[in-house]
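In: Following is a predicted model, sequence given first.
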Amino acid sequence: MKLLDLAIKTGRKMEEFAQNIYTVLSFLDKGKLITYGQLASQAGYPAHSRHVGKILARLPKDTRLPWFRVVNSQGKISLQGDALIRQKTLLEAEDIEVTAEGKIVKFKQYLD
């Protein structure tokens, strides 16, 4: 079992993992994107991109962290329904073009 998996199961180090994710995310500039995998790697937890999604899902709705700048490695919003629409709207407010299906147009130009 991987250390992070064990930590998540036991609750130990989970807060440290989350704090590292939040710290990296807080420095992401307006108009820039990052993938779940890149965020995990920059936070010191390579190969834990799925856990990043779980951490971000726990954020309060009124968070000031730019969670909406995180997309999957194919340049697409991973959320569905109202959550997809919310993320799409926030990205478009930063002049990032997104298709109705949640695909980032010219994805690579927005990567940090």
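Out: Okay, I see it.
In: Which stretches in the chain count as helices?
Out: For the chain, applying DSSP state H gives helices covering 3-10, 14-26, 36-42, 49-57, 81-92.
In: Which of the ones you listed has the highest mean neighbour count?
Out: helix 36-42 (a mean of 20; mean count of other Cβ atoms under 10 Å). To be clear about C-beta, it is placed using only N, CA and C from the backbone, and glycine gets the same treatment.
In: In terms of secondary structure, what does that helix contact?
Out: helix 14-26, helix 49-57, strand 70-71 (3 or more Cβ pairs under 8 Å, 6 or more residues apart in numbering; DSSP states H and E).
In: Can you tell me the centre-most residue of this structure?
Out: Note on the chain: the residue nearest the mean C-alpha position is Val70, at 3.2 Å, using Cα atoms, centre = their mean.
In: helices and strands of this protein: which one bottoms out on pLDDT?
Out: Lowest by mean pLDDT, DSSP states H and E among the helices and strands of the chain is helix 3-10, with a mean of 55.
In: Including distance to Lys108, could the helices of the chain go into CSV?
Out: Listed next are the helices of the chain as CSV, based on distance: least, Cβ to Cβ, whole Å:
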stretch, distance to Lys108
helix 3-10, 28
helix 14-26, 20
helix 36-42, 12
helix 49-57, 18
helix 81-92, 15
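In: Could you identify which of those helices has the lowest mean pLDDT?
Out: Here the helices of the chain differ in mean pLDDT, and the lowest is helix 3-10 at a mean of 55.
In: Leaving out sequence neighbours, find the closest residue to Phe68.
Out: Leaving out its chain neighbours, the residue that sits closest to Phe68 by Cβ to Cβ, 6 or more residues apart in numbering is Leu90, at 4.1 Å.
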